[in-house]
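Visitor: my questions are about this predicted structure, shown below with the sequence.
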Amino acid sequence: MHFSLKLIGEGKTYKEVQKIIGCSAKMISNALKWRAKPETRGRKRKTTIKMDRRITRMAKAQPMISSRMIKDSLELPVSTVTVRRRLCEANLFTRIPRKVPLLKKRHVQKRLQFAKEHINWPKEKWRNIFAGNTPNPSPAPSPEKTSKMVSEEAAKKMQHLSMSGH
């Protein structure tokens with residue numbers, strides 16, 4: 001901190017500081033002004049830190065949501081491009097859902113047959129099957145739920161197949 005600023009901070013007048021340091025009043029005034037203004041460059045941000053956090057939180061909660069939907073639901077006073085920029089700053093980049101062919105009846109039957117043949121598999125193996133089967137893998141289900149899910153899924157598929165006459 002500059003010595004003149006320290007003296008002014010202690011309650012001394014410009015005249016007293018002038019005599020102590022041996023400089024002009026203008027120099028003291030310039031020193032005070034220079035310190036008071038922080039240097040800013042570039043354009044001011046349209047979004048606040050709070051807005052940025054809300055944008056990021058929403059995108060993490062719903063990864064496939066569009067920037068327009070984020071803007072509209074949060075009622076942001078910025079463009080969709082700005083929303084995308086804020087997401088990129090948070091390392092959340094655009095995603096396009098993977099296109100996969102629809103399952104045919106033959107595929108469903110093969111899956112059901114596989115599930116019946118391997119119903120006694122350990123839960124860790126079923127986790128691998130479930131995780132590798134989805135385009136955006138979700139966390140693996142708990143071991144208690146895994147065997148229940150397999151048997152419920154098999155029962156539903158068997159019921160569906162018996163109703164359709166195949």
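Guide: Ah, there it is. A quick note: this is a predicted structure, and the numbers were derived from the prediction, not measured.
Visitor: how is the protein carved up into domains?
Guide: Per automatic domain parsing, the structural domains of the chain span 3-36, 49-89, 105-164.
Visitor: quick one: buried residues of the shortest one?
Guide: If I follow you right, that is domain 3-36. For domain 3-36, burial by neighbour count (16 or more other Cβ atoms under 10 Å) applies to 4, 5, 7, 8, 12, 14, 17, 18, 28, 31. C-beta coordinates here come from the backbone N, C-alpha and C atoms, glycine included.
Visitor: out of those, which comes closest to residue 49?
Guide: Nearest to residue 49 among the buried residues of domain 3-36: residue 5, at 30.1 Å, using Cβ to Cβ.
Visitor: beyond the one helix or strand the closest one maps to, next helix or strand please.
Guide: For residue 5, the host element (DSSP states H and E) is helix 3-9. Note on helix 3-9: by DSSP H and E, the next helix or strand toward the C-terminus is helix 14-21.
Visitor: list the contacts of that next one.
Guide: Outside helix 14-21, the residues that touch it by Cβ atoms under 8 Å, 6 or more residues apart in numbering are 3, 4, 7, 8, 12, 24, 25, 28, 29.
Visitor: show me what the helix or strand where residue 60 lies is packed against.
Guide: Here residue 60, judged by DSSP H and E, is contained in helix 49-61. If contacts are counted by 3 or more Cβ pairs under 8 Å, 6 or more residues apart in numbering; DSSP states H and E, helix 49-61 sits against helix 67-74, helix 80-89.
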